[in-house]
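Enquirer: My questions concern the predicted model and sequence given below.
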Amino acid sequence: MADNMDRTTFIKKVIGLFIKANRMHREAFAYNAASFGLHRSQHKMIMHLHGKEGGLSQKELAKYMDVSPAAITVMINKLVAGGFVKRSPYADDSRVNLILLTEKGEDVAVKSRAFFDSVDSTMLEGFSDEEIATLYGFFERMQKNMAEAVEKR
């Protein structure tokens, strides 16, 4: 514990640093999305579609993005207009559209993955493998603690 600090004050400082690091990480991702003319949620959808060879239905995307079917339709329409995704009718049910990345969308996903890997490496620069493993364990425990706290409510 830091010199001359009680536990509560020190915990607040640690959590503050954690939150600031998380915010900076998210800002880097938002910057990357903006560099392609995308909002964070649109970018998230593109990254989720990456590698999904047959595409995903609008219903599946709405569930993943945790938004209404109407909201996902608006988002997809904007991505179609921007040339990032395309709709393709599902062979077994003409009422269902599959959403697939276009070449432009794939390019965004590939470039973004490289950018994200670089940001992640920068964030943990100077940490040994053992320190990263320890940090991983701490984050797992933090999530477990929070999940249990939410369950008790």
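Expert: Okay, I see it. Numbering: from 1, shown residues only.
Enquirer: Tell me how many other residues crowd Lys13.
Expert: The burial count assigned to Lys13 is 13, neighbours taken as other Cβ atoms under 10 Å. The C-beta positions use only the backbone N, C-alpha and C, and glycine is treated the same way.
Enquirer: Distance of it relative to Arg7?
Expert: Going from Lys13 to Arg7 by Cβ to Cβ, to the nearest Å gives 11 Å.
Enquirer: And the residue positioned nearest the centre of the chain, which helix or strand is it part of?
Expert: What sits nearest the mean C-alpha location of the chain, by Cα atoms, centre = their mean, is Lys44, with 5.6 Å. In this assignment (DSSP states H and E), Lys44 forms part of helix 40-49.
Enquirer: Next up, the contacts around the closest residue to Thr73 other than its chain neighbours.
Expert: Closest residue in space to Thr73, ignoring its immediate chain neighbours: Gln58 at 6.6 Å, by Cβ to Cβ, 6 or more residues apart in numbering. Gln58 makes contact with 69, 72-73, 76, 96-97, 99, according to Cβ atoms under 8 Å, 6 or more residues apart in numbering.
Enquirer: Among those residues, name the ones in helices.
Expert: 69, 72-73, 76 (DSSP state H).
Enquirer: Give me the lowest-pLDDT entry from the contacts of Gln58.
Expert: Comparing pLDDT over the contacts of Gln58 singles out Val96 as the least confident position, at 81.
Enquirer: Tell me which residues of the helix holding Lys44 come out buried.
Expert: Residues of helix 40-49 classed as buried: 42-49 (neighbour count, 16 or more other Cβ atoms under 10 Å).
Enquirer: Specify which member of those is nearest to Phe127.
Expert: Met47 (24.9 Å; Cβ to Cβ).
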